[in-house]
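Asks: predicted model and sequence follow; I will ask about them next.
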Amino acid sequence: MHMGRCGWLAFAFALFSCSTLPESPETHVVAFGALRLDGLLTDQEIQSALIVQTDTPGGQMEIPVSGGFFFTDPLPAGTRWRIASVSVGEEDREVGLDFSALPPGLLFLGSLEIHDGVRKVDAPAERRLLQDLLDAWRGTAWEQAIRARIREILR
């Protein structure tokens with residue numbers, strides 16, 4: 001059976017997000033974006049990213065990356081995090097991108113290219129990634145927040 005890109009993302013991330021439904025856009029943050037490699041490894045895709053909480057020891061999560069797209073579980077608003085590393089095949093590569101989960105709601109981290117460091121690139125755009133995010137969170141409290149952000153961008 002062949003699933004389209006969005007159908008596959010919805011299926012893959014539905015399992016990932018099911019345990020996080022109680023957290024709301026009023027008290028938590030879902031960070032999202034795109035990750036890709038630059039340089040010699042461009043034919044390899046990033047499978048996952050490790051994010052660690054930097055303001056309190058012990059908080060961490062490994063998040064799946066599909067076709068470059070990623071998003072976190074809902075993070076408590078006001079916390080600080082770092083994308084510490086990404087997994088590519090059998091290799092983990094350090095990243096070191098810090099972000100704060102502020103304000104509550106959605107946080108677009110950008111489309112990021114990793115080589116010796118991290119740099120923001122233009123594509124894919126936030127609007128396209130929001131559609132992927134909507135597919136993953138449809139039917140949850142986050143759906144309205146995502147739709148509102150899409151409407152805001154289209155103005």
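Replies: It's in.

Asks: which residues sit in contact with the spatially most central residue of the chain?
Replies: Residue closest to the average C-alpha location in the chain (CA atoms, centre = their mean): residue 71, at 2.1 Å. By CB atoms under 8 Å, 6 or more residues apart in numbering, the contact list for residue 71 reads 13, 30-33, 63, 133, 136. Every C-beta, even on glycine, is put in place using the N, C-alpha and C of the backbone.

Asks: bridged to it, which residues?
Replies: Here residue 71 sits in beta bridges with residue 32, as judged by DSSP bridges.

Asks: that one and residue 106, how far apart?
Replies: 9 Å (CB to CB, to the nearest Å).

Asks: repeat that for residue 46.
Replies: Taking CB to CB as the measure, residue 46 and residue 106 are separated by 21 Å.

Asks: which other residues reach stretch 102-113?
Replies: So stretch 102-113 is contacted by 25-38, 68, 77-78, 83, 97, 99, 101, 118-126, 129-130, 133, 145-146, 149 (CB under 8 Å, 6+ apart).

Asks: centre of the chain versus that stretch, how much separation?
Replies: Centre-to-centre, stretch 102-113 and its host chain are 8 Å apart (CA atoms, centre = their mean, to the nearest Å).

Asks: for the record, mean pLDDT for that stretch?
Replies: The average pLDDT within stretch 102-113 is 96.

Asks: stretch 128-145 now?
Replies: pLDDT averaged over stretch 128-145 gives 95.

Asks: thinking again about what came up before, retrieve the pLDDT associated with the residue nearest to the centre of the chain.
Replies: pLDDT, residue 71: 97.

Asks: what's the local residue count around residue 146?
Replies: Neighbour count of residue 146, defined by other CB atoms under 10 Å: 24.

Asks: meant to ask about residue 137
Replies: Neighbours around residue 137, by other CB under 10 Å: 26.

Asks: distance of the nearest residue to it once chain neighbours are set aside from residue 26?
Replies: Nearest residue to residue 137 in three dimensions, chain neighbours excluded: residue 143, at 5.7 Å (CB to CB, 6 or more residues apart in numbering). Computed as CB to CB, the residue 143 to residue 26 distance reads 14 Å.

Asks: so if I had to pick from those two, which one is more boxed in?
Replies: For residue 143 versus residue 26, the count of surrounding residues by other CB under 10 Å is larger for residue 143: 15 against 10.
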